[in-house]
Structure formats: C-alpha cells, structure tokens
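Engineer: Quick one: sequence plus predicted model below, questions after.
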Amino acid sequence: MSTLVIEINDNSLRAGDASGMLADSPGFALLDGQVVVGAEARAQSRLQPGRVYNHFWGDLSLESLPGKASGAQTTADLAFHHLHRVWTELPSKADRVVFATPGSYTREQLSLLLGIARESN
C-alpha cells in the first residue's frame, strides 16, 4: 500500500512518498480568463500583480474573491485548481494520502480541504 504525503502552505504545495519528493508547486494562482497555477502563475506575478493570488491556501474559505474573477470565485476554488493540477501531474497515484496542513487551520478549513481533495481525485 503506497502513501502520498501532501504538505500545504502558502509558499507551495509539495507531494512526496517513500521514494522522495514528487512535486513542488509554488502557491500562486493567476486569473486571466482561466485559472493558471504554480510556477506559470508565479512567473506572471510581477507582470500582472492584480490578477495573481498567493495566499489562497492560508486564507482557504468560501468567501468571495475581490473583484470579478474568471474561473474561480473563492480561495477554495483556487486551492482546488492547484491541488488538481499537482494530483494529475503525479507519476503514479497512491492508495492513501496524508495531508500536512498549517497548524492554524480551523475545522472549517480542514473540512473544505477534504472536500477539495475528494473532487480533485
């Protein structure tokens, strides 16, 4: 039985297993007609600062994002896109996933994360 560990923080989303680090994606999301996440979004952060979000994992909620965002309405939407992207790019899928979350996460944020994880699979 293989276990994948996914570490969540505002800086990045990291995934690894017994063989080592499998993914390290920067915690950035760009809203530019579609949602772009990770290194591609980070590369645009200085060119389009008003369209880039980089605190969505720490601020995980169902509160509306400021302004009209195309492709995402909440930080939970951004987190979904980020986790889904990392999950689909993993070389193989695990039987179990363990999340290492910020200690400041509330029960509501943990519940949101579980829902996001289910939908990302």
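Structural biologist: Sure, I can see it.
Engineer: Return the distance of Ala76 relative to Arg46.
Structural biologist: From Ala76 over to Arg46 the distance is 26 Å, taken as Cβ to Cβ, to the nearest Å. Bear in mind the C-beta positions are built from the backbone N, C-alpha and C, glycine included.
Engineer: Give the residue from those two that has the larger number of neighbours.
Structural biologist: It is Ala76, of Ala76 and Arg46, that has more neighbours when counted by other Cβ atoms under 10 Å, with 19 against 8.
Engineer: Please name the residues that touch that one.
Structural biologist: Contact partners of Ala76, counting by Cβ atoms under 8 Å, 6 or more residues apart in numbering, are Leu60, Ser61, Leu62, Leu112, Ile116.
Engineer: For the residue nearest to the third one when sequence neighbours are not counted, give me its contacts.
Structural biologist: Counting by Cβ to Cβ, 6 or more residues apart in numbering, Thr74 is the residue found nearest to Leu62 once chain neighbours are left out, at 5.1 Å. Residues touching Thr74, when contacts are defined by Cβ under 8 Å, 6+ apart, comprise Ser61, Leu62, Glu63, Ser64, Leu65.
Engineer: Now with 10 Å, please.
Structural biologist: Residues near Thr74 by Cβ atoms under 10 Å, 6 or more residues apart in numbering: Phe56, Asp59, Leu60, Ser61, Leu62, Glu63, Ser64, Leu65, Phe80, Leu112.
Engineer: Which of the contacts of Ala76 sits closest to Ser19?
Structural biologist: If you rank those by distance to Ser19 using Cβ to Cβ, Ile116 comes first, at 25.1 Å.
Engineer: how about the strands of the protein, start to end?
Structural biologist: Counting by DSSP state E, one finds strands in the chain at the ranges 3-8, 12-17, 20-26, 29-31, 35-37, 52-53, 96-100.
Engineer: between these, which one is nearest to His84?
Structural biologist: Judging these by Cβ to Cβ, what sits closest to His84 is strand 35-37, at 8.7 Å.
Engineer: That closest one pairs with which strands, and in what direction?
Structural biologist: Here strand 35-37 has these sheet partners by DSSP bridges: strand 29-31 (antiparallel).
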